[in-house]
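[1] Next comes the sequence, and after it the predicted model I'd like to discuss.
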Amino acid sequence: MVGLPARKTDTARERMTRVEPLQLSRAEQVASVEGGRFDMIIVGGGVTGAYAAMDAALRGYRVALLEKDDFASGTSSKSSKMIHGGLRYIEQGNLPLVRHSLLERQRLRKNARHLVQRLPFLFPVLSHDGVFDRRLAAGFESLLWTYDLAGGWREGVLHQKLSKNEVLAHCSTFKAENLDGGFMYYDARADDARLTLTLARTAAHHGATILNGAKVTEVTRSRGKVNGIVAEVDGREIAALASVVVIATGAWLRDWNGAGADADAPNIRPAKGVHIAVPWTKIRNDCTVTIPIPGRNRRATITRWGDTAYLGTTDEDYTGDLDDVNCTREEMDFLISGARTALNTDLEASDVVGSIGGCRPLVAPPGGKTIDVKRKHEIRTDRDGLVTVVGGKLTTSRHMAQQTIDAAQKVLGERRRCVTKDAYLLGAAGYDPEAVTASGGLAAHLGERYGNEAPFITDILGNDPSLAKPIVEGLPYLEAEVVYSARHEMARSVDDVLSRRTRARLMARDASAAAAPRVGQLLQAELGLSDAAVTAQVTAYQTATAHERAILMGESE
């Protein structure tokens, strides 16, 4: 059994260090919602809704978080996975957003230290056809100094100017003939799905009711005031009462907002972004590399994650089905073309092992380029007491949640202090990421996913060593993690496990489809699923991955 290095903890950290795994029975969560009375019900289990539930629970409110599919199944599992200030916002003249984002970045680095890791960014300076050429290099360095002074310094290291050889040491596939040098600065990254799930579980640790597979179909009202919701759960309709209902559904606000007939809804403009996953050996970068995209103003980035490299992103208006957003052949070819222009790589469409497509919930009217829309958020309270939050970005989700709960408690006529600035997420208290990373192997893998909860997985392995097999050959995820996700992370389906509890679908789409029957067997043993239910889940997952692949490759289904 693999243990994790520990360090001295204070009283607050000890309160967040569990000696037993958090028990989350779906039946108990459903029973709590059905006919229940809450101070607040939050609709939408993305990062904003999950952080809002955690905030409300920490303030002592009785709160329920309801998600129609799975936690982070929408935009919050399909981001660029960067926790950052955003150099582009300085270029737009939005220094206050950068300063605030960098402050929130460091709060996440502390409060979710097992999930949010430092990430170096490399910008090459090219003689031509680059992100910027030598004529603009001095100006860009001034921008980086501004970034450092705005809060980048909090990471403990300032930007660096790199020689040509130093750039090649970080990414040996750069085309050397056009390379003059480069710059490196530091931000952070996170597995967005795991971060969102951990926020929801932390909310439950503090007393919230959390429920996935709960589609809210109606916001109910009495005497002109919001008083609860109706939801579809496991094929039946249930209702719950609440003094305040918060809508945190992101881009899905375009299709349903729960507002009364006389209320205005925010201007929602879904903007599609896609990423493709390729073998790291095709890129060979040890940091996030920024590359130019021919004919486009937007830069693309390539980030290493294990033996996979993620290449993205795009930024285009999207009017299609929000539940079926995929990377197309045109978008994939566009990203591959950018990589081949900047790097000495023979990257081809056949090398792509996975892809994701998601929609940013931009708050803006139609017109102009989506890339130019500021990533602001909006919170509004209707006269009937419905609170709606939309917009923003992953990095600032804690602050968005704080403002949302501030607005919700005004409806209640109360004023309780937010404490999430210093509130640890489950797994973070007392965890030392540097010591665990240095230990390598299984401890490092589990530590970066579970923090100080990692021993709960090794306990499962201790009881059944046969579960030490990988779910998907070549990926680090173990069968014991499937068992843990069913017992303690509210995983209900094969897709929950392979798409979000792990990232096997993104890292190895076709191999994950082949592994689906085994995942179904493990879930059946844990959840008591029928043979028919398991067969349906496996078929649904394999059909979904085949559909994703067909769209990516431009094939007819």
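    Arrived safely.

[2] the helices in the stretch 201-350 of the chain, which residues?
    329-342 (DSSP state H, counting those that start in this stretch).

[3] Low-confidence regions, it specifically.
    294-298 (pLDDT under 70).

[4] what are the phi and psi values for residue 416?
    phi -120, psi 140 (degrees, to the nearest 10).

[5] ok, it - contacts?
    The neighbours of residue 416, taking Cβ atoms under 8 Å, 6 or more residues apart in numbering as the test, are 59, 60, 61, 409. From N, CA and C alone the C-beta is placed, and that goes for glycine too.

[6] ok, now with 6 Å
    Residue 416 makes contact with residue 59, according to Cβ atoms under 6 Å, 6 or more residues apart in numbering.

[7] now the one 4 residues further on
    Contact criterion Cβ under 6 Å, 6+ apart gives 55, 398 as the residues in contact with residue 420.

[8] For it, give its distance to residue 116.
    According to Cβ to Cβ, to the nearest Å, residue 420 stands 15 Å off from residue 116.

[9] Also residue 78?
    18 Å.

[10] Without its sequence neighbours, what residue ends up closest to residue 198?
    residue 425 (5.0 Å; Cβ to Cβ, 6 or more residues apart in numbering).

[11] for residue 544, same thing?
    residue 495 (6.9 Å).

[12] now the stretch 451-557 of the chain, which segments are flagged as low pLDDT?
    Ranges of the stretch 451-557 of the chain meeting pLDDT under 70: 556-557.

[13] Tell me where it has helices.
    With DSSP H, counting those that start in this stretch as the criterion, the stretch 451-557 of the chain has helices spanning 454-463, 479-488, 494-495, 504-507, 509-527, 531-553.

[14] Please work out the angle formed by the directions of the second one and helix 509-527.
    Same thing as helix 479-488. Helix 479-488 runs at 50 degrees relative to helix 509-527, counting by axes from the mean of the first three to the mean of the last three Cα atoms, to 10 degrees.

[15] Would you mind pulling up the elements that helix 479-488 packs against?
    For helix 479-488, the packing partners by 3 or more Cβ pairs under 6 Å, 6 or more residues apart in numbering; DSSP states H and E come out as helix 454-463, helix 509-527.

[16] switch the cut-off to 10 Å
    helix 441-450, helix 454-463, helix 509-527 (3 or more Cβ pairs under 10 Å, 6 or more residues apart in numbering; DSSP states H and E).

[17] now it, how far from the centre of its chain.
    Relative to its chain's centre, helix 479-488 lies at 20 Å (Cα atoms, centre = their mean, to the nearest Å).

[18] hang on, the earlier thing: so which of the helices of the stretch 451-557 of the chain is nearest residue 26?
    Closest to residue 26 of the helices of the stretch 451-557 of the chain is helix 509-527 (Cβ to Cβ; 8.2 Å).

[19] Go through the closest one and flag the buried ones.
    Across helix 509-527, burial judged by 16 or more other Cβ atoms under 10 Å covers 509, 511-513, 515-520, 522-524.

[20] Can you tell me which of those is nearest residue 206?
    residue 523 (27.5 Å).

[21] Contacts only, for the closest one.
    Residue 523 is in contact with 482-483, 485-486, 491-494, 496-497, 529, 533-534, 537-538, counting by Cβ atoms under 10 Å, 6 or more residues apart in numbering.

[22] now with 6 Å?
    residue 486.

[23] before we move on, what about residue 222?
    No contacts exist for residue 222 under Cβ under 6 Å, 6+ apart.

[24] does it have beta-bridge partners, and which?
    residue 225 (DSSP bridges).

[25] and the gap between the closest residue to residue 486 other than its chain neighbours and residue 464?
    Once flanking residues are discounted, residue 486 sits nearest to residue 526: 3.8 Å by Cβ to Cβ, 6+ apart. The gap separating residue 526 from residue 464 is 12 Å, by Cβ to Cβ.

[26] do the same with residue 250
    39 Å.

[27] got it, and residue 46?
    34 Å.

[28] quick one, which of those two is more surrounded?
    Neighbours were counted for residue 46 and for residue 464 using other Cβ atoms under 10 Å; residue 46 has more, 28 against 11.

[29] quick one: that one and residue 77 touch, right?
    No - under the criterion of Cβ atoms under 6 Å, residue 46 is not in contact with residue 77, lying 8.7 Å apart.
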